[in-house]
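Peer 1: structure here, sequence nowhere to be found:
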């Protein structure tokens with residue numbers, strides 16, 4: 001596209017095709033996007049120490065390695081393509097000035113350079129090698145060279161501005177290259193003319209004489225926007241600046257304002273003095289109207305060469321920063337090497353090689369659209385990084401540059417996205433797809449970083465806001481969900497239980513609690529902090545959605561009380577306590593056999609002590625264990641006791657192809673209180689709910705619920721069954737009902753009541769039991785049933801075949817007399833002995849609803 005790549009000729013190209021009105025609109029849109037981005041860049045640059053990499057460094061430290069690495073690669077490619085774009089533009093400018101005209105074999109005068117694809121590639125290679133030499137010497141020589149070029153361009157610009165006023169109207173001959181020879185045409189420099197201005201106000205898109213392609217708003221904007229991307233050159237050199245937080249805002253804002261004014265001034269002057277033919281057919285017309293043409297030529301070459309060097313050195317700094325951060329491992333290891341002065345010479349050489357490959361495209365239009373899309377995507381992400389930092393409201397985000405808000409960031413993002421798709425929907429879609437691929441690759445393959453993740457700050461900000469909105473006074477039974485606190489002494493012996501409770505939580509809160517029996521007064525520091533990482537690693541490896549809550553206490557019971565009082569936040573607090581069963585079974589290391597470790601051959605996480613030896617004393621007494629259950633019920637928490645869950649092989653039970661499918665047995669009746677057996681009380685409904693929730697989990701959907709209805713002779717079993725079936729229908733629970741006669745079992749209970757050990761039953765016991773149904777008291781259940789009855793109830797449960805994957809039984813309240821705690825626990829052990837995976841359930845809150 002000839003000298004369009006030169007900023008000095010860009011205004012004429014835009015005005016010639018788009019007209020003054022659309023040209024001013026293009027500059028306004030482009031600089032609006034750039035302006036919003038510059039505000040974001042300045043904000044991030046003044047919020048702490050800035051290292052090499054410019055925009056990449058800002059984005060990666062704000063949005064994390066995935067976003068940073070992905071945008072870093074795209075920003076590197078954008079700078080590489082931009083450097084190639086300017087080199088090709090400079091080649092075409094040189095060929096226009098010194099090339100042998102088409103159709104001639106021998107040049108005359110200054111026209112001595114042959115023209116062909118390979119010759120132009122050679123010229124581009126030579127010019128790129130010059131840029132390489134400057135960049136290899138280092139940033140200091142680059143800064144001196146660019147300052148010298150700035151002085152030359154400033155002088156040329158002054159000469160051009162004077163020429164618009166000093167040059168008389170003149171016709172300018174134009175040669176248009178064609179396939180079959182050449183054709184002469186004249187353009188006109190009319191001087192300041194109102195007629196010329198009117199003719200150039202509207203758009204008049206024509207064919208680009210360098211490519212033969214028809215121009216449009218999007219294609220002209222794409223080329224024009226590339227001439228405005230140099231404003232990021234300063235931030236790309238952030239690692240070479242002494243005071244980047246001081247220099248970047250002042251230099252970048254000054255560059256934006258200066259170039260915007262120059263572009264608009266040149267657009268107006270050209271529109272008022274040059275006819276459209278001249279503007280469209282000769283992008284180098286400034287030489288013809290200048291009072292000193294050679295100086296314009298030098299200025300165009302110098303400006304274009306400076307832009308090419310700027311992009312090359314910017315690409316090398318981005319590549320060096322990517323390599324130093326190790327996001328791509330060994331792939332970029334070579335780019336880490338620097339010279340003795342700290343110049344990343346290998347990154348410069350690698351960038352030069354990639355630019356050299358891009359030069360093979362040969363035409364500016366081939367890469368202009370891609371470069372613009374990449375730059376817009378990078379700018380959008382810079383605005384996104386600043387927006388995320390602003391929205392996160394982190395106290396440490398306090399940039400000294402305050403002339404920005406989240407509105408400016410949002411406007412910058414919207415402007416970039418809109419223009420991306422207006423310029424080229426295909427390029428925009430492809431760029432976003434490429435960005436997504438890079439994001440996924442880095443997410444799964446890149447090592448973790450210590451930069452801090454803005455996502456964590458944003459999540460914290462939003463979670464806090466929504467937790468404040470989660471009002472416990474607005475809770476309704478329709479939206480009840482289990483919120484579990486599972487107490488774990490040692491994860492090595494509780495891996496399958498942790499997995500099982502994860503299936504029971506149904507998108508609710510899940511907390512793994514642990515009590516460390518130590519006294520902080522006697523310790524030099526908190527012993528729980530070193531353990532936290534081990535627990536969090538365990539949660540990640542087991543793939544359970546749980547929080548971890550550790551506490552110090554003089555006893556396990558006090559520790560559980562603390563966790564029940566303090567775990568959770570706001571409306572997210574545990575409503576259900578889950579405990580492993582208290583028995584004499586030797587603990588087994590289920591963690592080592594868990595599929596999470598056996599399938600990947602990974603070692604079990606360190607930090608957990610070995611399991612207690614079978615002969616070693618327990619940390620918890622039977623009385624204290626039952627006391628924990630009693631405490632939870634006093635605090636209106638539902639209680640689940642899980643026995644032999646470590647023997648549950650869920651993968652085998654639920655995925656085997658044998659028929660019938662595995663079952664979940666549900667016994668809603670309180671087997672230790674047969675005289676008050678009810679199926680519609682709070683405890684029974686909670687037990688039904690827990691079984692149903694388990695069946696709704698993805699891993700348990702193949703299982704079938706089987707509900708056991710215990711009936712006595714003469715009690716109209718079919719009426720009871722129909723009533724229960726209607727209840728299940730109202731609760732939308734799919735379950736098979738099985739009638740179980742249990743006269744032989746209850747007969748043992750009534751015999752015991754007629755003559756219990758220790759004397760007759762106390763007077764008024766029936767009335768007292770009725771009252772206990774409604775009040776929060778502790779009935780003396782353990783004194784009302786014998787071991788013989790409990791063993792018979794256990795046999796009744798065990799006889800129901802086929803054996804289920806898990807059983808749900810009702811858990812009675814502990815007795816009011818604490819001296820009976822051991823007997824209570826003994827009878828629970830008898831009831832569940834040999835049943836396999838069993839969950840004892842006691843509910844204290846309404847959890848089911850038949851309403852919409």
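Peer 2: All right, it came through fine. Fair warning: this is a prediction, and the values are worked out from it, not measured in the lab.
Peer 1: C-terminal to the helix or strand bottoming out on mean pLDDT in the chain, what's the next element?
Peer 2: The helix or strand of the chain with the poorest confidence is helix 765-774; it has a mean of 41 (mean pLDDT, DSSP states H and E). Later in the chain than helix 765-774, the nearest helix or strand by DSSP states H and E is helix 787-799.
Peer 1: residue 288 against residue 188, yeah?
Peer 2: No: with contacts counted by Cβ atoms under 8 Å, residue 288 stays clear of residue 188, the gap being 10.9 Å. Every residue, glycine included, has its C-beta placed from N, CA and C.
Peer 1: pLDDT below threshold where in the stretch 451-600 of the chain?
Peer 2: Within the stretch 451-600 of the chain, the stretches with pLDDT under 70 are 452, 597-600.
Peer 1: show me where the stretch 401-550 of the chain has strands.
Peer 2: Ranges of strands in the stretch 401-550 of the chain, per DSSP state E, counting those that start in this stretch, are 484-487, 510-517, 547-553.
Peer 1: next SSE downstream of the last one?
Peer 2: Towards the C-terminus, the helix or strand next in line after strand 547-553, according to DSSP H and E, is helix 556-566.
Peer 1: may I see the buried residues of that following helix?
Peer 2: The neighbour-count check on helix 556-566 (16 or more other Cβ atoms under 10 Å) flags 556, 557, 558, 559, 560, 561, 562, 563, 564 as buried.
Peer 1: okay, now residue 194: neighbour count?
Peer 2: Counted with other Cβ atoms under 10 Å, residues neighbouring residue 194 total 8.
Peer 1: got the phi/psi numbers for it?
Peer 2: The phi/psi pair for residue 194 (degrees, to the nearest 10) reads phi -70, psi -40.
Peer 1: quick check, pLDDT for it.
Peer 2: For residue 194, the pLDDT comes out at 91.
Peer 1: tell me the contacts of it?
Peer 2: If you count contacts by Cβ atoms under 8 Å, 6 or more residues apart in numbering, residue 194 has none.
Peer 1: kindly recompute the last result at 10 Å.
Peer 2: Neighbour list for residue 194: residue 272 [criterion: Cβ atoms under 10 Å, 6 or more residues apart in numbering].
Peer 1: same check, this time on residue 827
Peer 2: Residue 827 touches 671-672, 781-782, 785-787, 789-791, 793-794, 812, 820, counting by Cβ under 10 Å, 6+ apart.
Peer 1: just the closest of these to residue 481, please.
Peer 2: residue 812 (25.2 Å; Cβ to Cβ).
Peer 1: and that closest one, which of the three is it?
Peer 2: Using DSSP: H, G, I helix; E, B strand; the rest coil, the structure places residue 812 in coil.
Peer 1: and residue 64, how close does it get to residue 842?
Peer 2: In this view, residue 64 and residue 842 are 45 Å apart by Cβ to Cβ, to the nearest Å.
Peer 1: no wait, residue 29
Peer 2: Look at residue 29 and residue 842: by Cβ to Cβ, they are 68 Å apart.
Peer 1: between the two, which one's more packed in?
Peer 2: Under the neighbour definition other Cβ under 10 Å, residue 29 and residue 842 were set side by side, and residue 842 has more, 24 against 17.
Peer 1: burial of residue 634, as a residue count?
Peer 2: A count of nearby residues for residue 634, using other Cβ under 10 Å, gives 13.
Peer 1: ok, the one 10 residues further on next?
Peer 2: Applying other Cβ under 10 Å, we find 21 other residues in the vicinity of residue 644.
Peer 1: surely it touches residue 581?
Peer 2: Yes: contact between residue 644 and residue 581 holds when scored by Cβ atoms under 10 Å: they sit 7.4 Å apart.
Peer 1: which residues are common contacts for these two?
Peer 2: Common neighbours of residue 644 and residue 581 (criterion: Cβ under 10 Å, 6+ apart): 497, 832, 838.
Peer 1: okay if I get these as TSV plus distance to residue 489 and neighbour count?
Peer 2: As requested, these are exported to TSV (distance: Cβ to Cβ, whole Å; neighbours: other Cβ atoms under 10 Å):
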residue	distance to residue 489	neighbour count
497	11	24
832	19	22
838	19	24
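Peer 1: which among the residues you listed gets closest to residue 625?
Peer 2: residue 832 (14.4 Å).
Peer 1: ok so, going back, closest one to residue 264 among the strands of the stretch 401-550 of the chain?
Peer 2: Among these, strand 547-553 sits nearest to residue 264 (Cβ to Cβ), with 58.0 Å.
Peer 1: count of neighbours near residue 501?
Peer 2: Residues lying near residue 501 (other Cβ under 10 Å) number 26.
Peer 1: report the central residue of this protein.
Peer 2: Geometric centre of the chain, nearest residue: residue 455, 6.2 Å, by Cα atoms, centre = their mean.
Peer 1: and that residue, how far from residue 345?
Peer 2: As for residue 455, its distance to residue 345 is 36 Å (criterion: Cβ to Cβ).
Peer 1: look up how far residue 642 lies from residue 679.
Peer 2: 23 Å.
Peer 1: quick one: which of those two has more around it?
Peer 2: Using other Cβ under 10 Å as the criterion, residue 679 and residue 642 rank with residue 642 on top: 24 against 17.
Peer 1: pretty sure the more buried one contacts residue 579?
Peer 2: Yes: between residue 642 and residue 579 a contact is recorded at 7.2 Å, counting by Cβ under 10 Å.
Peer 1: now list whatever residues contact both of the two.
Peer 2: 486, 497, 840.
Peer 1: wait, the first one touches residue 496, no?
Peer 2: Read it as residue 486. No: counting by Cβ under 10 Å, residue 486 does not reach residue 496; the two are 12.0 Å apart.
Peer 1: more neighbours, those two?
Peer 2: The neighbour count for residue 486 versus residue 496, taken as other Cβ under 10 Å, is higher for residue 486 (27 against 23).
Peer 1: who's in contact with that one?
Peer 2: Applying Cβ under 10 Å, 6+ apart to residue 486 gives the contacts 494, 497-498, 500-502, 504-505, 510-514, 544, 546, 574, 576-580, 640, 642.
Peer 1: any idea what it is bridged to?
Peer 2: Judged by DSSP bridges, the bridge partners of residue 486 are residue 512, residue 578.
Peer 1: any buried residues in the lengthiest helix in the chain, and which?
Peer 2: Across the chain, the longest stretch assigned as helix under DSSP state H is helix 7-45. If you call a residue buried by 16+ other Cβ under 10 Å, then helix 7-45 has these buried ones: 7-20, 22-24, 26-27, 29-31, 33-45.
Peer 1: quick revisit: shared neighbours of residue 486 and residue 496, anything?
Peer 2: residue 642.
Peer 1: hang on, the earlier thing: does the residue nearest to the centre of the chain touch residue 389 like I think?
Peer 2: No: between residue 455 and residue 389 there is no contact under Cβ under 10 Å: 11.8 Å.
Peer 1: what touches both of those two?
Peer 2: Contacts common to residue 455 and residue 389, judged by Cβ under 10 Å, 6+ apart, are residue 63.
Peer 1: now the helices for the stretch 151-300 of the chain?
Peer 2: For the stretch 151-300 of the chain, the helices defined by DSSP state H, counting those that start in this stretch cover 194-199, 217-226, 233-236, 244-273, 276-281, 286-289, 293-324.
Peer 1: what distance separates the last one from the centre of its chain?
Peer 2: Right, helix 293-324. Remark: helix 293-324 is offset 35 Å from the chain centroid, using Cα atoms, centre = their mean, to the nearest Å.
Peer 1: and it, what does it pack onto?
Peer 2: In terms of contacts (3 or more Cβ pairs under 10 Å, 6 or more residues apart in numbering; DSSP states H and E), helix 293-324 is packed against helix 7-45, helix 55-63, helix 65-98, helix 117-137, helix 139-166, helix 233-236, helix 286-289, helix 345-358.
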